[in-house]
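**Q** Make a model of this:
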Amino acid sequence: MSDALVIIPTYNEKENIEAIVRVTFNQKKEFHILVVDDNSPDETSKIVEALILEFPDRLFLEKREGKSGLGTAYIHGFKWAIAKKYDYVIEMDADFSHDPKDLTRLYSACKNEGGDVSVGSRYLNNQVNVVNWDIKRLLLSYFASKYVRFITRIPVFDTTAGFVCWKREVLETMELEKIKFVGYAFQIEMKFKAWKHGFSIKEVSVIFTDRVIGTSKMSKNIVSEALFGVIKMKLKGLPK
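**A** Predicted coordinates:
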C-alpha cells in the first residue's frame, strides 16, 4: 500500500493517459493513481479500465456524469483519497506539462522537509521555467501569480500552479464543500485557505512544458474567474 496518491483529472485525454500512467508507475517511489474522468467523449475512461486490469492495486477510476470543472474533479478526488487514508495527495495534469519525475521531489518536500503543502513552482524566486508557451500566455500566467501574491500577501511565487502535494491533514482541515471556484482560481483558493489555516507551503522549482498532444482546457472565463475572484476571496477572508 502506497502512502501517496496522484490524482489525474481527465477530459478527452486518450492520447496521453496510458503514457502518463506508465511513466508515473515507473518512478522509484511507489505512487497510486486515481483518474477522475468527466465522461470524456473520446472514451478516455475505457483506456483506464483496460489499464486497471494490468495495475489492479495501483490504478483507480472515478467516472463522473459530465464536465463540471477542474476544481470539482479534484475535490471529488480529495474526498476519495481521505476516505482511503492516503497520507499524501498530489494533483497532476494528464498531458505531461507536469513531469512525473518531479513527483518524488514534491512528495519529499512534505514527507521529509517540513512542508504541509508543496507546490511545483514555475516561477520560484521570479525565475521563469516554462517551455513552449507563447509570450502572451506566459505573461498572463506570470503576472497573474504576481497579482495574487500582491493582493493576498500569500508567500508563494506560483499561486496558480496545478502541480501540488497535500498532506491529508490539510485537506481534512479545509471544508472542501465550501471551495467556491472551479476553474483557474481553484488552485489559488486552495493555497490561500491552507496558508490562512497556518499550514506550511514549500515551493519546489519545476520545468513546466506545454502539452504536445491534445487541446488546452484554458478559457477566458477561467482567467476572469481568477482575476476578479481573488479580490472577492481576499475581502471575505477565511470564515471560521
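
**Q** what's the neighbour count on the nearest residue to residue 98 once chain neighbours are set aside?
**A** In this structure, residue 98 finds its nearest non-sequential neighbour in residue 163, 4.3 Å apart by C-beta to C-beta, 6 or more residues apart in numbering. Using the backbone N, CA and C atoms, a C-beta is placed for each residue, glycine as well. Residue 163: 24 surrounding residues under other C-beta atoms under 10 Å.

**Q** do you know how far residue 163 is from residue 65?
**A** To residue 65, residue 163 is 27 Å away according to C-beta to C-beta, to the nearest Å.

**Q** quick one: low-confidence ranges for the chain?
**A** Where the chain drops to pLDDT under 70, the residues are 211-229, 232, 234-240.

**Q** rerun that using 90 as the cut-off
**A** Low-confidence segments of the chain (pLDDT under 90): 1, 65-69, 125-152, 160, 175, 178-185, 209-240.

**Q** could you pull out the strands for it?
**A** Using DSSP state E, the strands of the chain run over 4-10, 32-37, 59-63, 88-91, 117-121, 130-131, 164-167, 201-205, 208-209.

**Q** any chance of those in JSON lines, with mean neighbour count too?
**A** Supplementary listing: those in JSON lines, determined by neighbours: other C-beta atoms under 10 Å:
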{"stretch": "strand 4-10", "mean neighbour count": "25"}
{"stretch": "strand 32-37", "mean neighbour count": "24"}
{"stretch": "strand 59-63", "mean neighbour count": "18"}
{"stretch": "strand 88-91", "mean neighbour count": "24"}
{"stretch": "strand 117-121", "mean neighbour count": "26"}
{"stretch": "strand 130-131", "mean neighbour count": "13"}
{"stretch": "strand 164-167", "mean neighbour count": "25"}
{"stretch": "strand 201-205", "mean neighbour count": "19"}
{"stretch": "strand 208-209", "mean neighbour count": "20"}
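
**Q** Distance to residue 53 added to these, as JSON lines?
**A** Output for the strands of the chain, formatted as JSON lines (distance: least, C-beta to C-beta, whole Å):
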{"stretch": "strand 4-10", "distance to residue 53": "18"}
{"stretch": "strand 32-37", "distance to residue 53": "14"}
{"stretch": "strand 59-63", "distance to residue 53": "9"}
{"stretch": "strand 88-91", "distance to residue 53": "24"}
{"stretch": "strand 117-121", "distance to residue 53": "31"}
{"stretch": "strand 130-131", "distance to residue 53": "35"}
{"stretch": "strand 164-167", "distance to residue 53": "28"}
{"stretch": "strand 201-205", "distance to residue 53": "34"}
{"stretch": "strand 208-209", "distance to residue 53": "30"}
